[in-house]
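Asker: quick one, what's the 3D model for this:
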Amino acid sequence: ASTMMAAVSVAWWAVAAASLRFRADGTFTVLQVADMHIANGPASACVDLSDAHRAHPCSDVNTTALLRRALRAVDADLVVFTGDNIFVDECTDV
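Answerer: Here you go, the predicted model:
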């Protein structure tokens with residue numbers, strides 16, 4: 001199974017690399033999204049908040065809203081997700 005996954009991954013990158021192009025103005029924008037730690041949506045409270053931020057509701061919904069705004073604002077040519085994007089220890093539907 002891991003060999004098949006590696007082959008699919010390589011094939012996907014070959015297709016993506018063939019279609020990636022610089023814009024007419026010579027730019028190419030990459031948006032990297034790292035360590036989102038998504039778990040159970042509204043049921044997953046944010047951690048490591050400052051005292052000022054504890055007064056406001058915070059959950060995975062904030063993360064997805066931020067991601068939505070970033071995607072609209074950046075208009076990236078390539079979006080790369082890296083790091084710990086799913087918080088498996090708390091996620092009930094993985």
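
Asker: all strands of this protein, in order?
Answerer: Under the criterion DSSP state E, the chain contains strands at 30-34, 78-82.

Asker: buried set for the first one?
Answerer: Neighbour-count burial for strand 30-34, with 16 or more other CB atoms under 10 Å as criterion, is recorded at 31, 33. From N, CA and C alone the C-beta is placed, and that goes for glycine too.

Asker: who's in contact with it?
Answerer: The list of residues contacting strand 30-34 from outside it, by CB atoms under 8 Å, 6 or more residues apart in numbering, reads 67, 70-71, 74, 76-83, 85.

Asker: now the buried members of those.
Answerer: Of the contacts of strand 30-34, these count as buried by 16+ other CB under 10 Å: Leu67.

Asker: in the chain, which helix or strand is least confident?
Answerer: Ranked by mean pLDDT, DSSP states H and E, the helix or strand of the chain with the weakest confidence is helix 2-19, at a mean of 57.
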